[in-house]
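Q: got a predicted model here, sequence first, then my questions.
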Number of protein chains: 2
Amino acid sequence: MNDMARSDEPRGVAVATLTPMTPGLEPDFDRFAAHCRRMLDRGANLLAVLGTTGEANSLGVDEKLRLLDALGESDIPGGTLLPGTGTCSIADTVILTRKALEVGSAGVVMLPPFYYKGVSDAGLHAAYEEVIQRVGDSRLRIYFYNFPFNSGVPISHDLIEGLLAAYPGTIAGIKDSSGDLDNMLAMCRRFPGFGVFAGSEQFLLPVLEAGGAGCISATANVTIGLCAEVLAAARAGKDAGALQEKLSAWRLAIQSQPLIPALKAIVARSTGDEEWLPLRPPLTALDQASEAALDEALDAAGFAPAA
Amino acid sequence: MNDMARSDEPRGVAVATLTPMTPGLEPDFDRFAAHCRRMLDRGANLLAVLGTTGEANSLGVDEKLRLLDALGESDIPGGTLLPGTGTCSIADTVILTRKALEVGSAGVVMLPPFYYKGVSDAGLHAAYEEVIQRVGDSRLRIYFYNFPFNSGVPISHDLIEGLLAAYPGTIAGIKDSSGDLDNMLAMCRRFPGFGVFAGSEQFLLPVLEAGGAGCISATANVTIGLCAEVLAAARAGKDAGALQEKLSAWRLAIQSQPLIPALKAIVARSTGDEEWLPLRPPLTALDQASEAALDEALDAAGFAPAA
């Protein structure tokens, strides 16, 4: 692993935590906190709450602030938190980022402003810079969030290089949900000490071997045990290839269906708690055909959720 | 024009109003209100404030609420307002839509939730339905906002049909910024009485001739006089073809460069007020080469901004 990384930097497996919703489609904090604790108990190093998987982009600013406040008052250690705080607007991103720091988060995962398309790296640099300066807090650690499929605004290596040069103590890493392993490995090589998290546990081992930080993954909500095994084996210098192969098969089986509905369905089943099923629109629950296809894919991959 | 449209429904030319920013990148309300007044004086029927052109997707929820409050306290008639209120989240969309009604807006232009991609029409239907039910106000008139380039979430005709059937008094029309005239004309045919606004004055005349409502346009910030002439000629049953041709040439010249920066540059020049230039990141001002190219294109099109 990379010698330039400080020992206190967030590393390992982060669960992109699901947000359970009440029947009235409000965030269900009690179930959320219980799920966060379960993830830590099963080996999660970090909780990337309020991300894409957590339907955070379907939550209002006040709802997100209340969830962060509630986490701050819970027994979840702040140092395990990597909340998503990036919005379309500098103003809301600053409000959410300040709150994330207030509750002691290890860092934040920050989407670029993602409404306007075809914007320049200079514009994105200015946007991140404006957030950093307005937050004005030396504790801030920003992990870029590269997710072109949803955001439509990719994070280029030149953008990273420019912001790393300007704010070396603040720009801490990236969650790369591009699905492009070559891109992850290229960033590991080009930016030593930069915390590269794969956006899927499918790439956990190769990214760790390249000196990356680990993964931040949606499917880790239901694969966390096996993710932790791969991480432990890799850290112990053992051959983790077979474990990684099994983990990748699980991931691919789950993502054969719409990911967030599939994950809520799996959690509902494994916890025996149907209240896990609601999703906030525009996401919708799996239909029966998709559920059946998911079951078949999970069976074929030998998927076994932790009890 | 369409006989089924109620006479009090918003029709004509709406300016997708620019939002001037202070040097500190805050909305500059005084310049904004003055610009709104100028647009009405020059013939605008409606002001589509807080839209894409208004950089509203770069403003925070509180900033947008303050701008709407300030408009409500100004001498701009509420009945001329068509504020943009659609965000990624139902919660924030409801807050903004309620405020738009509070200040007497004629309707709202509502983006679909636009972060999650590849969502179903059923999910979008549920999202709009949830907003309508939470707002719970019979005064609400929703204009869909179809802008696939920026939102990545197109508004399908089937989605419109389903919501029109469920909420005929609330679903009022659409701003179509797809750039696809055929799509606009098809909606005029399929949904009689539905207020189809072209997203560009380039399509004003054909959309009016097909029974559409008019246009909601960014470039109308600087072409409003000529837009109003085309509208008046069309309404009087005169041949507006030559006027429309000139208007289209102006539009195409302006959009040869990044649109919002180009518009702010033109307004800054025509008002002699450099304070119009700042843009909020991720948008950036035109560089010198783009300014020169814009000038050349405007000259070639015989563009003459109103004094």
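A: Structure received.

Q: how about the residues of the stretch 51-200 of chain A by chain B?
A: Proximity of the stretch 51-200 of chain A to chain B, by Cβ under 8 Å from any Cβ of the partner chain, involves residues A:52, A:57-63, A:87-92, A:95, A:112-117, A:119-120, A:122-124, A:126-127, A:129-130, A:149-153. Just so you know, the C-beta spots here come from the backbone N, C-alpha and C atoms, and that holds for glycine as well.

Q: now with 7 Å, please.
A: Counting by Cβ under 7 Å from any Cβ of the partner chain, the stretch 51-200 of chain A comes close to chain B at A:57-61, A:63, A:88-92, A:95, A:112-113, A:115-117, A:119-120, A:122-124, A:126-127, A:130, A:149-150, A:152.

Q: whichever of those end up buried, select them in PyMOL.
A: The PyMOL selection below is limited to those of those classed as buried (16 or more other Cβ atoms under 10 Å in any protein chain shown):
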select buried, chain A and resi 57+58+59+60+61+63+88+89+90+91+92+95+112+113+115+116+119+123+124+126+127+130+150+152
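
Q: so what's the closest residue to residue A:218 other than its chain neighbours up against?
A: Nearest non-adjacent residue to residue A:218, counting by Cβ to Cβ, 6 or more residues apart in numbering or on different chains: residue A:53, 3.9 Å away. By Cβ atoms under 7 Å, 6 or more residues apart in numbering or on different chains, residue A:53 lies in contact with A:16-18, A:218, A:260.

Q: what do you get if the cut-off is 10 Å, keeping everything else the same?
A: Residues in contact with residue A:53 (Cβ atoms under 10 Å, 6 or more residues apart in numbering or on different chains) are A:15-19, A:84, A:216-221, A:259-260, A:263-264.

Q: which parts of chain A are helices?
A: Secondary structure of chain A by DSSP state H: the helices cover A:29-41, A:61-73, A:90-102, A:121-135, A:148-151, A:157-166, A:181-190, A:204-209, A:220-235, A:241-254, A:259-271, A:288-300.

Q: now the ones you listed in CSV, with mean pLDDT?
A: Converted to CSV, the helices of chain A look like this (pLDDT from 0 to 100):
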stretch, mean pLDDT
helix A:29-41, 96
helix A:61-73, 97
helix A:90-102, 98
helix A:121-135, 98
helix A:148-151, 97
helix A:157-166, 98
helix A:181-190, 98
helix A:204-209, 98
helix A:220-235, 98
helix A:241-254, 98
helix A:259-271, 97
helix A:288-300, 97
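
Q: got the residues of the stretch 201-307 of chain A near chain B?
A: Contacts of the stretch 201-307 of chain A with chain B, taken as Cβ under 10 Å from any Cβ of the partner chain, map to A:258, A:260-261, A:279-285, A:287.

Q: looking at the helices of chain A, which is closest to residue B:293?
A: helix A:121-135 (17.9 Å; Cβ to Cβ).

Q: between that closest one and helix A:157-166, how many degrees?
A: In terms of direction (axes from the mean of the first three to the mean of the last three Cα atoms, to 10 degrees), helix A:121-135 departs from helix A:157-166 by 40 degrees.

Q: I'd like to know which elements helix A:121-135 is packed against.
A: Packing partners of helix A:121-135 (3 or more Cβ pairs under 10 Å, 6 or more residues apart in numbering or on different chains; DSSP states H and E): helix A:90-102, strand A:108-110, strand A:142-146, helix A:157-166.

Q: okay, the ones you listed, which one's buried deepest?
A: strand A:108-110 (a mean of 28; mean count of other Cβ atoms under 10 Å in any protein chain shown).

Q: quick one: average pLDDT of that one?
A: Strand A:108-110 shows an average pLDDT of 98 in the prediction.

Q: which helices and strands does that strand pack with?
A: helix A:90-102, helix A:121-135, strand A:142-146, strand A:171-176.

Q: apply 6 Å and report the result again.
A: strand A:142-146 (3 or more Cβ pairs under 6 Å, 6 or more residues apart in numbering or on different chains; DSSP states H and E).

Q: then the strand it packs on to PDB, C-alphas only?
A: Output of strand A:142-146 as PDB, limited to C-alpha atoms (Å, rounded to 0.1, in the frame of the first residue of the first chain):
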ATOM      1  CA  ILE A 142     -12.800  16.200   0.000                       C
ATOM      2  CA  TYR A 143     -13.200  13.000  -1.900                       C
ATOM      3  CA  PHE A 144     -14.300  13.800  -5.500                       C
ATOM      4  CA  TYR A 145     -17.300  11.800  -6.800                       C
ATOM      5  CA  ASN A 146     -16.800  10.700 -10.300                       C
END
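
Q: got the angle between that strand and helix A:181-190?
A: Per the same axes, to 10 degrees, the angle that strand A:142-146 makes with helix A:181-190 is 150 degrees.

Q: figure out how far stretch A:230-244 is from the centre of its chain.
A: Averaging C-alpha positions (Cα atoms, centre = their mean, to the nearest Å) puts stretch A:230-244 21 Å from its chain's average.

Q: measure that stretch end to end?
A: Stretch A:230-244 stretches 6 Å from its first residue to its last (Cα to Cα, to the nearest Å).

Q: next: stretch A:138-151.
A: Stretch A:138-151 end-to-end distance (Cα to Cα) = 28 Å.

Q: who touches it?
A: Residues from elsewhere that reach stretch A:138-151, judged by Cβ atoms under 6 Å, 6 or more residues apart in numbering or on different chains: A:101, A:107, A:109-111, A:114, A:154-155, A:170-178, B:115, B:117.

Q: try it again at 7 Å.
A: Contact with stretch A:138-151 is made by A:52, A:82, A:84, A:86, A:97, A:101, A:106-112, A:114, A:132, A:154-155, A:160, A:170-178, A:195, A:197, A:199, B:115-117, as judged by Cβ under 7 Å, 6+ apart.
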